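1. The sequence and its predicted three-dimensional model are supplied below.
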Amino acid sequence: MATNEPTTTIWEKLQAIDRRILYLILIVVVSMFIIFPFDLPNDPLPQSRALYDAVNGLPNGSPIIIASEWTMSSRGENIYQFKSLVRLCMLKQHKIVLMTISEPAAVGFALGAFQDVNNEPGHKRYAEGTDFVNIGYRPNGDAFIQSMAADLSGTLGQVQVLGQPANRLEMLKDIHSLRDIKIIVDVTASSTNNSFMAFTGGLTEYGLMCTGVMFPEALPYVATGQIVGVANGARGAYDFETMMKHDYPDATKNVKGAKAYMTPLTGAMALLMTAIVVGNIAMGQARKTREREA
Amino acid sequence: MIVAQLIAARQAEYFGTLWWFYSVAAVATIGLYSILYRENKFYRLVEHIYLGLSAGVVIALTWTQEMRGIWWVPFYDMGYYWWIIPVPIAMLGYTVFSKNTGWMSRVPIGILLGLWAGQRFKEFANRWLPQVQKTMLPVIPNSPGLYPGPKAAPVDALYASTAINNLLLVLTTLAVLSYFFFSFEQKSRLVKGSSTTGRWLLMVAFGAIFGSTIMNRFILMIDRMYFLLIEWLHVRPPM
């Protein structure tokens, strides 16, 4: 018996693919590129290069503050940013002050990643108190940054490190004001960049390593010089690794980092763009078919 | 079962006694991603464990990272007894649960709002004024040629290429600002056109933000896949 049900065209079927099939294709593509990676050419973004040059161009042993404001939820984007920054600082033997203002859990992640880099060969092993200091989590970030801007030595004096006020440590004894800190670099997944820009402006340089969501919004501040440079998510970390491979080939030849994410990312983006193109063609063709049938 | 034993043996080979730690993390990751297939009890179990752990960790960290070192040690161990003063003021916040004394909760809220409002003055000066200043750019070139030549250009030289960039920036700013003129009806063709252009330019900016967001959200997924395949299963050495 003949039926009058309308026939479904291939274009309509394409638009109605079960989302689980799309997830499966994505998982297969990403897994394939993770298991079989290949080298991709990389031309670092100018914003990444500006930040890299700002840190790399400092005299050896310069004091810098690294604000680590990321946890597990943004690990993919921030961990290799943090590691590549710490690695660069260790190669330059900069004195590092680690701090956190966004959430208490960030301290543990920062110290874990810091120790991973510290255990790598190719640079001096950093010791707490002489080469780096961790002042931990400081609640009410805005007030703490203002306090740092007003009297850095006094603010550090309220923090106990290795059983003594932090400002009495050998590595910080010549640090009196924020002007003595050469640069603050904020590795962040939250809006802590606004606090640093608001309350440290004009006292020292400020660099940002942020997630992809934040990157476009940070660009106007780069244009005005309020941010010296920005690294954009894992891509920014890969930019750092690329530049360090060029400048410090021996010390970074065995470094494992964001490079491993770039091939699967390229595959996933290619799949996404293919899906968008195919979906739009299918929508157009389906509309034409409906118009012909009407 | 055989696959599970093989994985366990491989994990023990790489991580020693820590293999179960990685395996728990891997099972939790798979559990959370199982929502992509459909709602299921395994996902709910992992989700509730995660929420419970997060709540517990936050309480522990609030004491160890905040209250203990920053307030309790100076107050109790170092003799700064007057640091007790903020405690009753802060406790007033809990009066919000009572109808009779609820008004007292406004005291700590008022103090916090006052502090916040004061901080915003400085934020405006440091964060937004440079933005306003750098938008007021010259748009008429004062030096011949499109680009600076091989010789060092004078500091105040403005070549045609830079002037065009500046003009684009100024026009974009004005167009976007005109879109947000809601205090009068946009009848004039000039304002209407500018407002429409501003809306399109905003769309372009949002598109760029969305594209960058998508790219980096993929990274979060790739990071978990990398953990499962390389760090947990060791299908190949890390690169």
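-> Alright, I've got the coordinates.
2. C-alpha only now, for contacts and for neighbours.
-> OK.
3. if I look at the residue lying closest to residue A:239 once chain neighbours are set aside, how far off is residue A:51?
-> Counting by CA to CA, 6 or more residues apart in numbering or on different chains, residue A:44 is the residue found nearest to residue A:239 once chain neighbours are left out, at 4.8 Å. Distance of residue A:44 to residue A:51, given as CA to CA, to the nearest Å: 11 Å.
4. next one: residue B:197
-> Here residue B:197 is placed at a distance of 34 Å from residue A:51 (CA to CA).
5. Check residue A:125 too.
-> 24 Å.
6. So between those two, which is more surrounded?
-> Using other CA atoms under 10 Å in any protein chain shown as the criterion, residue A:125 and residue A:51 rank with residue A:51 on top: 24 against 14.
7. three-state assignment of the more buried one?
-> The three-state label given to residue A:51 by DSSP: H, G, I helix; E, B strand; the rest coil is helix.
8. That one touches residue A:207, doesn't it?
-> Yes - at 6.1 Å, residue A:51 and residue A:207 qualify as touching, with contact defined as CA atoms under 8 Å.
9. Common neighbours of those two, please.
-> Shared contacts of residue A:51 and residue A:207, defined by CA atoms under 8 Å, 6 or more residues apart in numbering or on different chains, are found at A:228, A:229, A:230.
10. Contact partners for the first one?
-> Residue A:228 makes contact with A:50, A:51, A:54, A:205, A:206, A:207, A:208, A:222, according to CA under 8 Å, 6+ apart.
11. cutoff 7 Å now
-> By CA atoms under 7 Å, 6 or more residues apart in numbering or on different chains, residue A:228 lies in contact with A:50, A:51, A:205, A:206, A:207, A:222.
12. Quick check: the fourth one is in a helix.
-> No - applying three-state DSSP, one finds residue A:206 to be strand, outside a helix.
13. Quick check: bridge partners of it?
-> As for beta bridges, residue A:206 partners with residue A:184 under DSSP bridges.
14. So for the longest helix seen in chain A, what gets flagged as buried?
-> Across chain A, the longest stretch assigned as helix under DSSP state H is helix A:259-293. The neighbour-count check on helix A:259-293 (16 or more other CA atoms under 10 Å in any protein chain shown) flags A:259-269, A:271-272, A:279, A:282-283, A:285-286 as buried.
15. try stretch B:63-82
-> Neighbour counts over stretch B:63-82 (16+ other CA under 10 Å) mark B:63, B:65, B:66, B:69, B:70, B:72, B:75 as buried.
16. now swap in stretch B:91-107 and tell me
-> B:92, B:93, B:104, B:105.
17. What of stretch B:232-239?
-> B:232, B:233, B:234.
18. and of those, the nearest to chain A?
-> Distance to chain A across the buried residues of stretch B:232-239 (CA to the nearest CA) is lowest for residue B:234, with 9.7 Å.
19. tell me which element that closest one is part of?
-> Assigned by DSSP states H and E, residue B:234 belongs to neither a helix nor a strand.
20. Identify the residues contacting it.
-> So residue B:234 contacts nothing (CA under 7 Å, 6+ apart).
21. contacting residues for residue B:106?
-> By CA under 7 Å, 6+ apart, residue B:106 has no neighbours at all.
22. ok, residue A:191 to chain B distance?
-> To chain B, residue A:191 is 13 Å away according to CA to the nearest CA, to the nearest Å.
23. do the same with residue A:34
-> 7 Å.
24. Close to chain A: what parts of chain B are there?
-> Residues of chain B lying close to chain A by CA under 7 Å from any CA of the partner chain are B:36-37, B:61, B:65-66, B:122-123, B:126-127, B:130-131, B:134, B:209, B:212-213, B:216, B:218-220, B:222-223, B:226, B:236, B:238-239.
25. Can you select the buried ones from those residues in ChimeraX?
-> Applying 16+ other CA under 10 Å to the residues of chain B next to chain A leaves a buried subset, and the ChimeraX line that selects it is:
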select /B:61,65,66,123,126,127,130,131,209,212,213,216,218,219,220,222,223,226
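26. Return the helix or strand in chain B with minimum mean pLDDT.
-> The least trusted helix or strand in chain B, going by mean pLDDT, DSSP states H and E, turns out to be helix B:2-15, with a mean of 61.
27. Pull out the buried residues from the helix or strand following that one.
-> As assigned by DSSP H and E, the chain's next helix or strand after helix B:2-15 is helix B:19-33. For helix B:19-33, the neighbour count (16+ other CA under 10 Å) marks B:19, B:22, B:23, B:26, B:28, B:29, B:30, B:31, B:32 as buried.
28. Looking at the buried residues of stretch B:63-82, spot the one nearest residue A:176.
-> residue B:70 (21.5 Å; CA to CA).
29. For the closest one, give me its contacts.
-> Contacts of residue B:70 (CA under 7 Å, 6+ apart): none.
30. so what pLDDT did the residue lying closest to residue A:161 once chain neighbours are set aside get?
-> Excluding its sequence neighbours, the residue lying closest to residue A:161 (CA to CA, 6+ apart) is residue A:135, at 7.1 Å. On pLDDT, residue A:135 comes in at 92.
31. doesn't residue A:96 make contact with residue A:135?
-> No - using CA atoms under 7 Å, residue A:135 makes no contact with residue A:96, being 10.6 Å away.
32. Compare neighbour counts for these two and give me the winner.
-> Between residue A:135 and residue A:96, residue A:96 has the larger neighbour count (other CA under 10 Å), namely 27 against 17.
33. how about the helices in chain B?
-> Using DSSP H, helices in chain B cover B:2-15, B:19-33, B:41-61, B:86-91, B:106-123, B:129-135, B:160-179, B:189-226.
34. any idea which of these scores lowest on pLDDT?
-> helix B:2-15 (a mean of 61).
35. related to what we said a few turns ago, out of the buried residues of stretch B:63-82, which comes closest to residue A:22?
-> Closest approach between the buried residues of stretch B:63-82 and residue A:22, by CA to CA: residue B:65, at 43.1 Å.
36. Contact partners for residue A:48?
-> Residues near residue A:48 by CA under 7 Å, 6+ apart: A:229, A:230, A:231, A:236, A:239.
37. what about the third one, is that helix, strand or coil?
-> Put simply, residue A:231 is strand when judged by three-state DSSP.
38. for the spatially most central residue of chain B, what are its contacts?
-> Among the residues of chain B, the one closest to the centroid is residue B:213, at 11.5 Å (CA atoms, centre = their mean). Taking CA under 7 Å, 6+ apart as the criterion, residue B:213 is in contact with A:212, A:213.
39. Many thanks, I have nothing further to ask.
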